[in-house]
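Participant: need a 3D model of the sequence below.
(one chain, ligands or ions: 2)
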Amino acid sequence: MENPAAGEVLDPEKLSFDRFREEVLKDYQSACESREASLLGRKEVLTGKAKFGIFGDGKEVPQVAMAKFFRPGDFYAGYYRDQTFAFATGAATIEEFFSQLYADPDPRHDPHSSGRQMNSHFATPFVDQDGKVLDLVNSKNFTAGLAPCAAQMPKALGLAYASKAFREVEVLKPFTELSNQGNEVCFCTIGDASTSEGHFWETLNAAGVLQVPLAIFVWDDGYGISVPRKFQTTKGSISEALKGFQKKEGTNGIDIFRVKAWDYAGMCEAFEAGIRSVRQTHTPVVFHVEEVTQPQGHSTSGSHERYKPTERLEWEREWDGIKKMKEWIIDNDLAGEDDLDEIETAAKDFTRDSRNLAWEKYQGPIRAQVARAVELIRNLAQDSPDTAGQLQELAQTLAANREPGRKEVMQTLHEALGLAGGAAGAGAGATAGAGGGSGGKSAAANIAAYYRELKKENAVIYNTHLYHEGARNILKVPEVKAVYAEDAPILNGYEVLNRYFDQLFTHNPLVLAFGEDLGKIGDVNQGFAGLQAKHGAERIFDTGIRELTIMGQGIGMAFRGLRPIAEIQYIDYLLYGLQPLSDDLATLQYRTAGRQTAPLIVRTRGHRLEGIWHSGSPMGLILHSLRGLHVCVPRNMVQAAGMYNTLLQGADPAIMIECLNGYRLKEKLPANLAEFTVPLGVPEIIKEGEDITLVSYGATLRIVQEAAKVLEGSGISCEVIDVQTLLPFDIHHLILESLKKTSRILIVDEDVPGGAAGFIFNKVMEEQGGYKWLDTAARTITAQAHRPAYSSDGDYFSKPNAEQIIDAVREMMAE
Ligand SMILES: Cc1ncc(C[n+]2csc(CCOP(=O)(O)OP(=O)(O)O)c2C)c(N)n1
Ligand SMILES: [Mg+2]
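Facilitator: Ligands and ions are numbered 1, 2, ... in the order given. Modelled structure (predicted):
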């Protein structure tokens, strides 16, 4: 729109029409640019410049409409179809989209994932390098996308729940830098087929119960890859199927809108009304967006002609949203065909230029590496008469590669070093140089040095940010030892925790705790007994039986600057909540290269008690699915309290496994309960000894101590070590120091054979080099491979027992 000339009187009606028209055309332009990005993106994959592509073609018009109502302070949790929404909200540029498609690791080019994620997995920064939460109230916030279907649902619940907490919890009201009175909406998108997942239903039910500002957009294109809707959804319609969830007068529930994906005006109207309502009333809303198309099919991995009937393909062409929007613009005299053609041409040019820029930026540093590698190899060839031909050929092949990657550079350098007679591995360079005279030697050494340099650089690019690396790195939390008054009270373990949580909730307004039976009765072991009444039902509360979304609720809240403690009632039920922990939470810092973190603390209880589902110790499962979380296995509740204090100063998520059979053991209460910290990754020697090192943790430690006492009686001196945390694990190699003294080690663990015991074995033997100090083979004692049988006998014969330990130690001493 042109600026009015000075002095011209503005006609308000005309002005608003012009603005409206301008906005529609801007949306049309966004839609066209996004479509071009999809078309070009697919070509990039088919011509080999990118490995895989999944695009948002067919979903453009609903997304430009949706973007109009996404305000600063709002949150997005969605999936791989939402490029248009990202462009239209300014969360991503088309150039960034291509950078991500190429897997450009430079964070300036792909600020969403630093080349670590497939295309259309967008993320805006949530924390700075030191883990400080950024100003999320004034920015449009995209939580990092992830590929598992419906995996965005659980965290979406928590992102929305945080608004409710900020609106309702008195002590949170001063945190205006984190929320504007809870007015933020979480926009969540999902494909029609993914609504078949339990995640969708559990989230909707919880949202309907909780009444949180969650807006769900279902992109219904009738297919989940090749499988049509009739195999996915009851009655073939998600809005039909959801009718029982619908809010009526005097009930909770959700609002449901049905719109057509080609009806730009209709969607703008529905989204405007729906989003206004969810923002004000916190009544969740579902927009069932029907008749969505998918012009290029599911992804670059196959063609939809294989499974869509001809009539469907024809219908999709006819009802393409952009085509329909164009017709609507012309029918309503908002612009002529020529104007729109012009927009389309400009969109093509702009998108092509963006792609070219992204490609140049991506290739630049790699080409520099290629040039350097080629130069070094040619230098070596000159000084290596025997292998000159092969080296020249290597250099030539690399130089001729039109789309080289970092991998090819490394492979070529490695091969050149091999020809030079050197080992390119860890000590590359030291032995390189059998390729000729002294010139050959130094040329080979140059290659080795360059190889090492690149290896380091690539490790920074690809192997960092599993955990927070800045100022709030967990290992930087200062240790504050527990101090005890002379007349320190001796309490049951659960009472220690209860006192601890009371102090925590008094001092830290950002902490909220929730789970099954956690509110009114204060958890099944009374850690929170009486605390709801004292600190409020908005801060300490019960949830439905829904581990998956309890975890999601915690993840979403942690994204938003809160410090949730979310309970899994018994560790055996962790499996229900494991998917979001493993796929979303554990990968979050890695897949955003440190730009997002959700420092959730998962609280649970486990190890031996009674029966198959209250005696689990699936530590191997946890260790191998939750790299990216800290895993705390305190032997008692004082240690647990100290670990909670440590975790709350860090920026990482964690899981705390309290000992089920420890709640009624007596412990001395520290005087500095709210301040003392237990450093993570530092084992504690709980009994010194000379003859053998016994390594364990948690509940089993008490059995080990029992055995050690008996062994002591027969003259065998055991050193008993509590590892305290499994992730991180013994960062100072304290176990190795013990082993140097005893030359024998027995690892006792109540997970299955090869589970956590295998992990500890690997850490001590391979990583710490413990094998060098052994006088006799290291051993492990674990639980049986089956689940533990019920009752005391069942426990005795299923889990490690003291007699087994005593026998094993005696055998080892005799070897
Ligand atoms: C848990 C899980 N199972 C399977 C897949 C493989 N997969 C990727 S996309 C997809 C279909 C999803 O269809 P829909 O939800 O309708 O979204 P659309 O791609 O049609 O937009 C499947 C099965 C996956 N990503 N995650
Ligand atoms: Mg679909």
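
Participant: which residue does this structure have closest to ligand 1?
Facilitator: Residue nearest to ligand 1 within the chain: Gly191 (2.0 Å; C-beta to the nearest ligand atom). All C-beta spots, glycine's among them, are computed from the backbone N, C-alpha and C.

Participant: okay, and the residue nearest the centre of the chain sits in which element?
Facilitator: The centroid of the chain falls nearest to Leu588 when counting by C-alpha atoms, centre = their mean (2.6 Å). Following DSSP states H and E, one finds Leu588 within helix 586-591.

Participant: mind listing what's buried in that helix?
Facilitator: Buried residues in helix 586-591, counted by 16 or more other C-beta atoms under 10 Å: 586-591.

Participant: adjacent strands (with direction) for whatever helix or strand comes next after it?
Facilitator: As assigned by DSSP H and E, the chain's next helix or strand after helix 586-591 is strand 601-606. Strand 601-606 has its sheet partners listed here by DSSP bridges as strand 563-568 (parallel), strand 654-659 (parallel).

Participant: which residues of the stretch 51-200 of the chain lie near ligand 1?
Facilitator: Residues of the stretch 51-200 of the chain lying close to ligand 1 (C-beta under 6 Å from any ligand atom) are 81, 147-149, 191-194.

Participant: ligand 1 contacts on the chain?
Facilitator: So the chain meets ligand 1 at 81, 147-149, 191-194, 219, 221, 223-225, 298 (C-beta under 6 Å from any ligand atom).

Participant: can you name the two of the residues you listed that sit furthest apart?
Facilitator: Pro148 and Asp221 (18.8 Å; C-beta to C-beta).

Participant: okay, these two: which has more neighbours?
Facilitator: Between Pro148 and Asp221, counting by other C-beta atoms under 10 Å, Asp221 is the more crowded of the two (22 against 15).

Participant: quick check: which element contains the more buried one?
Facilitator: According to DSSP H and E, Asp221 maps onto no helix or strand at all.

Participant: quick one: it from ligand 2, how far?
Facilitator: According to C-beta to the ion, to the nearest Å, Asp221 stands 4 Å off from ligand 2.

Participant: who's in contact with that residue?
Facilitator: 58-59, 191-192, 292-294 (C-beta atoms under 8 Å, 6 or more residues apart in numbering).

Participant: low-confidence ranges, the chain, go.
Facilitator: Counting by pLDDT under 70, the chain has low-confidence residues at 1-10, 12-13, 422-440.

Participant: count the neighbours of the nearest residue to Leu334 once chain neighbours are set aside for me.
Facilitator: Sequence neighbours aside, Arg21 is the residue nearest to Leu334 in space, at 5.0 Å (criterion: C-beta to C-beta, 6 or more residues apart in numbering). Counted with other C-beta under 10 Å, residues neighbouring Arg21 total 16.

Participant: pull the number of nearby residues for Asp793.
Facilitator: With other C-beta under 10 Å as criterion, Asp793 counts 9.

Participant: what about it, is that helix, strand or coil?
Facilitator: Put simply, Asp793 is helix when judged by DSSP: H, G, I helix; E, B strand; the rest coil.

Participant: what's the spacing between it and Ile805?
Facilitator: Noted for Asp793: a distance of 18 Å to Ile805, by C-beta to C-beta, to the nearest Å.

Participant: helix or strand for Glu272, which one?
Facilitator: helix 264-281.

Participant: point out the residues in this structure that sit beside ligand 2.
Facilitator: Contact residues (C-beta under 5 Å from the ion) of the chain with ligand 2: 191-193, 221, 223.

Participant: switch the cut-off to 8 Å
Facilitator: Counting by C-beta under 8 Å from the ion, the positions of the chain adjacent to ligand 2 are 191-194, 219-224, 229, 292, 294.

Participant: could I get those residues in TSV, plus columns for secondary structure and distance to Glu479?
Facilitator: Shown next, in TSV, are those (DSSP: H, G, I helix; E, B strand; the rest coil; distance: C-beta to C-beta, whole Å):
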residue	secondary structure	distance to Glu479
Gly191	strand	48
Asp192	coil	53
Ala193	helix	51
Ser194	helix	46
Trp219	strand	51
Asp220	coil	55
Asp221	coil	55
Gly222	coil	58
Tyr223	strand	56
Gly224	strand	51
Arg229	helix	57
Val292	coil	56
Gln294	coil	56
